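# can't give you the sequence, but here's the structure:
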C-alpha cells in the first residue's frame, strides 16, 4: 500500500546494508543516510566495524547487547525492533545498519519497516552487498547457467522439499543447523550428520561439496574448502558457514515443452 505523505508522522527508519568487507562494500547513499541520521543502531559482528560506523556518526548504539548465550534469538530480534521503534516514535531520523544486505537472513529490518509504515512513519531499505553476492564472485558461480536454490539449512531439514540436483543447492547458516530452539550459536556434529544423511538421499555420498565463508576484512580471503558429502559431519564450521552443493546431474531437455516453444516461435 502506498504511503500517504500528507498524514505521515515525523520520524523515520531506514535499514541500510554495510556489505560484507569492512569499508569496501557500502553504497554512497547508505553512507549518506548514516551520516545524516539523528541516531544509528548497528548490527555488526566485530569491534572494527562498529568503530568504522561510529566514525560516520558518533551517536551509534550496538544491537549486540540484545544477544545472550541460551537466549532465544527471536526474543532478541523483537527487543531490537522495540528499541529502534522507540526512537522513531520520538520523531527522530533513525538508521539501522546491518552487515551484508539488511533484507537477507534478517528478520528485524523487515519488521521495522512494516511497523513504521503501519504506524504512519516513513520506512525503507537500502541494499548492501551480501554473502551471496560474494559467493558468486569468489567461487565463480553463474546462477544463470544451472540455477541455484538457496535455503536456510535448518529449514531444509525441517520441511518437505523436492530437490533439483541439476542446480546448485546452497544451504545457509550451517553452524547452527538443526537448532529449533533458536537459542544456540553452534550445533555439534550430530546435527550435521543428520543433514548429511538427508542430503545423501539426493546426492551421491562421494559428491564434492564445499564450505564457503565470505571475508569481512580487506586483508582476508574467502574460505572455500572442498570435501566429499559423506565427510560433512567431520568438517569444522562456523555459525556463518555456507554449504555449496554443485549439481550432480546434467539438465535434460523436456522435448514436449521444447516442441511447444518452437511452435510459438514459428507462429510469430
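Looks like it arrived, so ask away. Because the structure is predicted, anything quoted here is derived from the model rather than measured.

# Next, the buried residues of the helix or strand that contains residue 84.
Element membership of residue 84 [criterion: DSSP states H and E] is helix 73-88. Of the residues in helix 73-88, 73, 76-77, 79-81, 84-85, 87-88 count as buried by neighbour count, 16 or more other C-beta atoms under 10 Å. Just so you know, the C-beta spots here come from the backbone N, C-alpha and C atoms, and that holds for glycine as well.

# Burial check on residue 218, number of neighbours?
9 (other C-beta atoms under 10 Å).

# any idea how far it lies from residue 17?
Per C-beta to C-beta, to the nearest Å, residue 218 is found 17 Å from residue 17.

# Over to residue 74?
Distance from residue 74 to residue 17, counting by C-beta to C-beta: 22 Å.

# what does residue 48 give?
From residue 48 to residue 17 the distance is 17 Å (C-beta to C-beta).

# ok, now residue 134?
Counting by C-beta to C-beta, the gap from residue 134 to residue 17 is 12 Å.

# So those two - more neighbours on which side?
More crowded of residue 134 and residue 17, by other C-beta under 10 Å: residue 17, with 25 against 21.

# Look at residue 19 and report its pLDDT.
Note on residue 19: pLDDT of 95.

# list the contacts for the residue found closest to it once you drop the neighbours it is linked to in the chain?
Nearest residue to residue 19, sequence neighbours excluded (C-beta to C-beta, 6 or more residues apart in numbering): residue 25, at 2.1 Å. Neighbouring residues of residue 25 by C-beta atoms under 8 Å, 6 or more residues apart in numbering: 17-19, 128-129.

# before we move on, what about residue 18?
25-26, 30, 42, 44, 49, 53, 97-100, 128 are the contacts of residue 18 under C-beta under 8 Å, 6+ apart.

# what sits against residue 53?
18, 34, 40, 42, 44, 60, 97.

# meant to ask about residue 77, not that
Contact analysis of residue 77 by C-beta under 8 Å, 6+ apart lists 66, 107-108, 111.

# Who wins on neighbours among these?
residue 108 (22 neighbours).

# So that one belongs to a helix, correct?
Yes. Remark: residue 108 belongs to a helix, assigned using DSSP: H, G, I helix; E, B strand; the rest coil.

# So it versus residue 92, what's the distance?
18 Å.

# What ranges does the protein have for its helices?
28-36, 47-56, 73-88, 107-118, 131-139, 143-146, 153-158, 189-199, 255-267 (DSSP state H).

# between those helices, which one is nearest to residue 237?
Of all the helices of the chain, helix 189-199 sits nearest to residue 237, with 7.3 Å by C-beta to C-beta.

# who touches the helix or strand bottoming out on mean pLDDT in the chain?
In the chain, no helix or strand scores lower on mean pLDDT, DSSP states H and E than helix 255-267, which sits at a mean of 93. With contacts defined as C-beta under 8 Å, 6+ apart, helix 255-267 is touched by no residue outside it.

# how about that helix: buried residues?
Within helix 255-267, not a single residue qualifies as buried, counting by 16+ other C-beta under 10 Å.

# Just give me how far it sits from the chain centre.
Centre-to-centre, helix 255-267 and its host chain are 38 Å apart (C-alpha atoms, centre = their mean, to the nearest Å).

# Need the contacts of residue 53 in TSV (columns: distance to residue 190).
What follows is the contacts of residue 53, written out as TSV (distance: C-beta to C-beta, whole Å):
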residue	distance to residue 190
18	35
34	42
40	41
42	35
44	31
60	40
97	36
